[in-house]
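*Asks:* A structural model of the following input is requested.
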Amino acid sequence: MSQLLSCEISYTLVGDYYVPNIALPEENRPIGRRGRMHRDYLEQHHPIRFNDLVLSGQLWTYLADLNEQTQERLPLIVEQVKASEGVTEKLKAADQMAWIGAMNSIRNRAEEIILRETIFEEDAI
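*Replies:* Numbers count the residues shown, from 1 in each chain. Alright, predicted model coming up:
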């Protein structure tokens, strides 16, 4: 025996048309710069996936989750690269300008890794 799904949708009369009362889920988390970059990437390169997320009301949540993941991952990558390259507090005390240059380089590379892997969904380098 098959069961019918009961979907109670209310409608509002607007002019001559009935429009369904649809509400998007509440999401207050920011999507940030990386979330906006990924949204633009999806819209240009994966329009079907983008439309699916928009129509299901999950786009903002998806982008907010991605933004949080990248914010958590960036310091981890920076610390790993610092350890592998031997950039320590000793170097900072001995030669501040060399330490600043090394840290800027490390941060830029970590940001590039985040962009390639997460935002633009490319394979790891």
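*Asks:* could you pull out the strands in this structure for me?
*Replies:* Here the chain has its strands, by DSSP state E, at 11-14, 17-20.
*Asks:* list the buried ones in the first one?
*Replies:* Looking back up the chat, that one is strand 11-14. Buried residues in strand 11-14, counting neighbours by 16 or more other C-beta atoms under 10 Å, are absent. For glycine as for every other residue, the C-beta is placed from the backbone atoms N, C-alpha and C.
*Asks:* tell me which residues are up against it.
*Replies:* 18-21 (C-beta atoms under 8 Å, 6 or more residues apart in numbering).
*Asks:* neighbouring strands for the worst-scoring helix or strand of the chain on mean pLDDT, and are they parallel or not?
*Replies:* Using mean pLDDT, DSSP states H and E, strand 17-20 stands out as the lowest-scoring helix or strand of the chain, at a mean of 86. As defined by DSSP bridges, the strand partners of strand 17-20 come to strand 11-14 (antiparallel).
*Asks:* one step back: make JSON lines from the strands of the chain and add distance to R29 to it.
*Replies:* Below are the strands of the chain laid out as JSON lines (distance: least, C-beta to C-beta, whole Å):
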{"stretch": "strand 11-14", "distance to R29": "29"}
{"stretch": "strand 17-20", "distance to R29": "27"}
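*Asks:* how about the CA coordinates for stretch 31-48, as PDB?
*Replies:* Output of stretch 31-48 as PDB, limited to C-alpha atoms (Å, rounded to 0.1, in the frame of the first residue of the first chain):
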ATOM      1  CA  ILE A  31      30.400  33.900   4.900                       C
ATOM      2  CA  GLY A  32      33.600  36.100   4.800                       C
ATOM      3  CA  ARG A  33      35.900  36.800   1.900                       C
ATOM      4  CA  ARG A  34      36.700  33.100   1.200                       C
ATOM      5  CA  GLY A  35      33.000  32.200   1.200                       C
ATOM      6  CA  ARG A  36      32.200  35.000  -1.300                       C
ATOM      7  CA  MET A  37      35.100  33.800  -3.500                       C
ATOM      8  CA  HIS A  38      33.800  30.300  -3.400                       C
ATOM      9  CA  ARG A  39      30.300  31.500  -4.200                       C
ATOM     10  CA  ASP A  40      31.600  33.300  -7.300                       C
ATOM     11  CA  TYR A  41      33.600  30.300  -8.300                       C
ATOM     12  CA  LEU A  42      30.500  28.000  -8.000                       C
ATOM     13  CA  GLU A  43      28.400  30.400  -9.900                       C
ATOM     14  CA  GLN A  44      30.800  30.700 -12.800                       C
ATOM     15  CA  HIS A  45      32.200  27.100 -13.000                       C
ATOM     16  CA  HIS A  46      29.600  24.900 -11.400                       C
ATOM     17  CA  PRO A  47      26.200  26.600 -12.100                       C
ATOM     18  CA  ILE A  48      24.200  23.400 -11.600                       C
END
